[in-house]
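Novice: fold the following.
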Amino acid sequence: MTRQYETVFIMTPVLSEKQIGETVKKYTTMLKGGGAEIVHEGSWGLKKLAYPVQKKSTGFYHCVEFTGGAETIPAMEVAFKRDERILRFLTVSLDKHAVAFNEKDRKKAKERANAPKEEVEEEKADMAADVSSEAPAKKEAPAKKEAPAKKEAPVAEEVKAEVSADVSTETPAKEEASTEAKEEEAKEEIVAEEVKADESADVSTETPAKEEASTEAKEEEAEEEAVAEEVKADESADVSTETPAKEEASTEAKEEEAKEEVVAEEVKADESADVSTETPAKEEASTEAKEEDAKEEAVAEEVKAEVSADVSTTETPAKEEASTEAKEEEAKEEIVAEEVK
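Specialist: Modelled structure (predicted):
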């Protein structure tokens, strides 16, 4: 079911004109994409907030009137909540009376905007009519002695009389329009003065609170500075007391390092002495190992020679006998095969 809604949202005052236009375009396109139809939208400009919102005391107001289903509103409100540029928003459903009131208000605004232009055009037309009526009289003024000029004079007077009559009939309408415009201006001025008075009252009430807050902040800063100075003084005292202890610790560390270096040098000297004594023993062990290796190699060669001799004496005749037997069996098999064929 489609109904008519009105959404007013407040944008943060730090936005530029381009950013404001982009924000408004985002939400109008969102409404159109959801199947809504924009009836009217208008910017209310920068206005003072009733109370600070996100540390902002002013904001850009924008109103959008649209028709659509209720399903288009939740998605838009979720986007409003996620957008950092939006301070506050409100969506209301309009009944037939509210719709009629908005239409009437828009018509009045258009009439107010177009009223000065119409008045200027009417004045221009009246002046042109007056000039056109007076011009023939001025041209014919030198020829007073001639008879035709005297006859035309009453005609000019009649034209002037008609023009003056038209002007006299139009004057009350203009006066009424001007009085209405003046009354509306007076009402607007009164409203503006009341708004200014309210703002000044708000400022006057907020000023003591701000002064108290500033004095409290200054006192807190002074206390923090005093505490910081005391901490610095304590730290400097601690540093002055810790310095001798640090120097003693550093001297002890240096002495320990010197001792460790001496011990390391002694260990190196002992290792070098051990190496010098171990060298002859190592050389003797290496010569013995070499002699044992030579003996093992000689024994291995003798074993290989014996094995080769045994193979040559025992295995060769047996192999020859086996080969002759195999040949005889093959010959027998061939004979049997030929007989079978």
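
Novice: mind listing residues that contact stretch 56-64?
Specialist: 6-15, 20, 24, 27-28, 31, 38, 40-49, 53, 87-88 (CB atoms under 8 Å, 6 or more residues apart in numbering). Placement of C-beta: from N, CA and C, glycine included.

Novice: go with 7 Å
Specialist: For stretch 56-64, contacts defined as CB atoms under 7 Å, 6 or more residues apart in numbering pick out 6-13, 15, 20, 24, 28, 38, 41-49, 87.

Novice: quick check: mean pLDDT of it?
Specialist: For stretch 56-64, the mean per-residue pLDDT is 94.

Novice: and stretch 24-37, average pLDDT?
Specialist: 90.

Novice: residue contacts, residue 102?
Specialist: Applying CB under 7 Å, 6+ apart, the residues near residue 102 are residue 65.

Novice: what lines up beside the longest strand along the chain in the sheet?
Specialist: Determined from DSSP state E, the single longest strand within the chain is strand 37-53. Partners of strand 37-53 in the sheet, by DSSP bridges, are strand 56-68 (antiparallel).

Novice: next SSE after the strand it pairs with?
Specialist: Next helix or strand after strand 56-68 toward the C-terminus (DSSP states H and E): helix 72-82.

Novice: for that following helix, list every residue counted as buried.
Specialist: Residues of helix 72-82 classed as buried by neighbour count (16 or more other CB atoms under 10 Å): 72, 73, 76, 80.

Novice: how about those in a markdown table, adding distance to residue 268?
Specialist: A markdown table is the format used below for the buried residues of helix 72-82 (distance: CB to CB, whole Å):
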| residue | distance to residue 268 |
| --- | --- |
| 72 | 89 |
| 73 | 88 |
| 76 | 84 |
| 80 | 81 |
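
Novice: out of the residues you listed, who's nearest residue 220?
Specialist: Checking the buried residues of helix 72-82 against residue 220 with CB to CB, the nearest one is residue 80 at 36.7 Å.

Novice: roughly how far apart are the closest one and residue 304?
Specialist: Distance, residue 80 to residue 304, using CB to CB, to the nearest Å: 101 Å.

Novice: look up the closest residue to residue 27, ignoring the ones flanking it.
Specialist: residue 76 (6.3 Å; CB to CB, 6 or more residues apart in numbering).

Novice: give me the contacts around stretch 216-226.
Specialist: Taking CB under 7 Å, 6+ apart as the rule, stretch 216-226 contacts no other residue.

Novice: buried residues, that stretch. List them.
Specialist: Within stretch 216-226, judged by 16+ other CB under 10 Å, no residue is buried.

Novice: and for stretch 31-51?
Specialist: By neighbour count with 16+ other CB under 10 Å, stretch 31-51 contains the buried residues 31, 34, 36, 39.

Novice: list the contacts for the first one?
Specialist: Taking CB under 7 Å, 6+ apart, we find residue 31 in contact with 38, 66, 68, 72, 76.

Novice: how near is the last one to residue 97?
Specialist: It stands for residue 76. Residue 76 is 25 Å from residue 97, by CB to CB.

Novice: now swap in the first one and tell me
Specialist: Counting by CB to CB, the gap between residue 38 and residue 97 amounts to 21 Å.

Novice: cool, the fourth one as well?
Specialist: Distance, residue 72 to residue 97, using CB to CB: 23 Å.

Novice: cool, and the second one?
Specialist: Counting by CB to CB, the gap from residue 66 to residue 97 is 18 Å.

Novice: of the two, who's got more company?
Specialist: Neighbour totals were compared for residue 66 and residue 97, and residue 66 leads with 24 against 8 (other CB atoms under 10 Å).

Novice: quick one: residues contacting the closest residue in space to that one that isn't next to it in sequence.
Specialist: Excluding its sequence neighbours, the residue lying closest to residue 66 (CB to CB, 6+ apart) is residue 36, at 4.6 Å. For residue 36, the contact set (CB under 7 Å, 6+ apart) comprises 66, 67, 68, 72.

Novice: can you list the residues you listed in TSV and add distance to residue 335?
Specialist: TSV is the format used below for these (distance: CB to CB, whole Å):
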residue	distance to residue 335
66	117
67	118
68	113
72	111
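
Novice: pick out the most distant pair among those residues.
Specialist: Between all members of those, the farthest pair (by CB to CB) comes out as 67 and 72, at 9.9 Å.

Novice: ok, now which ones touch the closest residue to residue 28 other than its chain neighbours?
Specialist: Closest residue to residue 28 apart from its sequence neighbours, by CB to CB, 6+ apart: residue 38 at 6.0 Å. Neighbour list for residue 38: 28, 31, 32, 64, 66 [criterion: CB under 7 Å, 6+ apart].

Novice: next one: residue 38 from residue 49, what distance?
Specialist: 26 Å.

Novice: now residue 107
Specialist: For residue 107, the distance to residue 49 - CB to CB - is 30 Å.

Novice: what's the answer for residue 58, then?
Specialist: Applying CB to CB to residue 58 and residue 49 gives a distance of 6 Å.

Novice: repeat that for residue 327.
Specialist: 123 Å.

Novice: what's the answer for residue 17, then?
Specialist: Counting by CB to CB - residue 17 and residue 49 are separated by 20 Å.

Novice: quick one, phi psi at residue 13?
Specialist: Reported as degrees, to the nearest 10, the phi and psi values for residue 13 are phi -70, psi -10.
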